[in-house]
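**Q** What shape does this take:
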Amino acid sequence: MTVAFYPFGAGAAVVNIFFASLIGSWLGLPVLSPVYSVLGGAILGLPLTVLFARHIRRLMDKS
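**A** So this is what the prediction gives:
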């Protein structure tokens, strides 16, 4: 199940990382380029997707 959710988890991580860097620019932090956002999303997407897939599995088992 995790493999099926990975593109969505990584994509969500990319968007969130990029927008967080835009908000960080208000504090004087640099804005990440889209390339670095994609790399960060690919790395952070895996553990986040595993957690989400476990949550969905628990909900399926509960129902």
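
**Q** Pull out the buried positions in the biggest helix by length in the chain.
**A** In the chain, assigned by DSSP state H, the helix with the most residues is helix 34-62. Under the neighbour-count criterion of 16 or more other CB atoms under 10 Å, helix 34-62 has S37, V38, G40, G41, L44, G45, L48, T49, F52, A53 buried. Yep, even glycine has a C-beta here, placed from its N, CA and C like the rest.

**Q** In JSON lines: those, plus distance to V31 and pLDDT.
**A** Output for these, formatted as JSON lines (distance: CB to CB, whole Å; pLDDT from 0 to 100):
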{"residue": "S37", "distance to V31": "10", "pLDDT": "95"}
{"residue": "V38", "distance to V31": "14", "pLDDT": "95"}
{"residue": "G40", "distance to V31": "13", "pLDDT": "94"}
{"residue": "G41", "distance to V31": "15", "pLDDT": "93"}
{"residue": "L44", "distance to V31": "18", "pLDDT": "93"}
{"residue": "G45", "distance to V31": "20", "pLDDT": "91"}
{"residue": "L48", "distance to V31": "22", "pLDDT": "91"}
{"residue": "T49", "distance to V31": "25", "pLDDT": "92"}
{"residue": "F52", "distance to V31": "27", "pLDDT": "91"}
{"residue": "A53", "distance to V31": "31", "pLDDT": "91"}
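
**Q** Quickly check those residues for the two that are furthest apart.
**A** When the buried residues of helix 34-62 are compared pair by pair using CB to CB, the two farthest from each other are S37 and A53, 22.6 Å apart.

**Q** closest to Y6 among the buried residues of helix 34-62?
**A** Distances from the buried residues of helix 34-62 to Y6 were compared by CB to CB; the smallest belongs to T49, at 4.9 Å.

**Q** Provide a list of residues in contact with that closest one.
**A** Contacts for T49 were tallied using CB atoms under 8 Å, 6 or more residues apart in numbering; they are T2, F5, Y6, F8, G9, A10.
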